[in-house]
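Asks: below: sequence and its predicted model.
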Amino acid sequence: MDTVNIENRSDFAQWAVERASSIVAGEGGDLALAAREGTDETIASAANGLGQAIVDALLEVFDGLLPED
């Protein structure tokens, strides 16, 4: 994981766009494939993977806001 210094809203917006693009490219393709060819279980699994990737990104940002001890 690369460290990014976010000093203003513009930096955060740029990071968020890049991170969202990365998540959709990685997990969104799996969801689209499952939606076309999968069962309800595979669609649910792919959707859960996408949701977990989003949660992980949000926690990554939150952890970065905490002061280091």
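Replies: Happy to help now that I have it. Residues are numbered from 1 along each chain as shown.
Asks: ok, and what's touching the helix or strand harbouring residue 13?
Replies: In this assignment (DSSP states H and E), residue 13 forms part of helix 9-23. With contact meaning C-beta atoms under 8 Å, 6 or more residues apart in numbering, helix 9-23 is reached by 4-6, 50, 53-54, 57. To be clear about C-beta, it is placed using only N, CA and C from the backbone, and glycine gets the same treatment.
Asks: same thing but at 10 Å, please
Replies: Contacts to helix 9-23, defined as C-beta atoms under 10 Å, 6 or more residues apart in numbering, come from residues 4-6, 8, 28, 49-50, 52-54, 56-58, 60-61, 64.
Asks: average pLDDT for that helix?
Replies: Averaged across helix 9-23, the pLDDT comes to 87.
Asks: helices - which of the contacts of helix 9-23 land there?
Replies: Of these, the ones assigned to helices by DSSP state H are 49-50, 52-54, 56-58, 60-61, 64.
Asks: after the helix holding residue 13, which helix or strand is next?
Replies: From helix 9-23, the next helix or strand downstream (DSSP H and E) is helix 29-37.
Asks: buried residues in that next one, which are they?
Replies: 30-31, 34 (16 or more other C-beta atoms under 10 Å).
Asks: which strands or helices does it pack on?
Replies: Applying 3 or more C-beta pairs under 10 Å, 6 or more residues apart in numbering; DSSP states H and E, we find helix 29-37 packed against helix 40-65.
Asks: for the helix it packs on, the distance to its chain's centre please.
Replies: Here helix 40-65 is found 6 Å from its chain centre; the criterion is C-alpha atoms, centre = their mean, to the nearest Å.
Asks: also stretch 53-68?
Replies: With C-alpha atoms, centre = their mean, you get 11 Å for stretch 53-68.
Asks: need the contact partners of that stretch.
Replies: So stretch 53-68 is in contact with 1, 3-6, 12, 15-16, 19-20, 22-24, 26-28, going by C-beta under 10 Å, 6+ apart.
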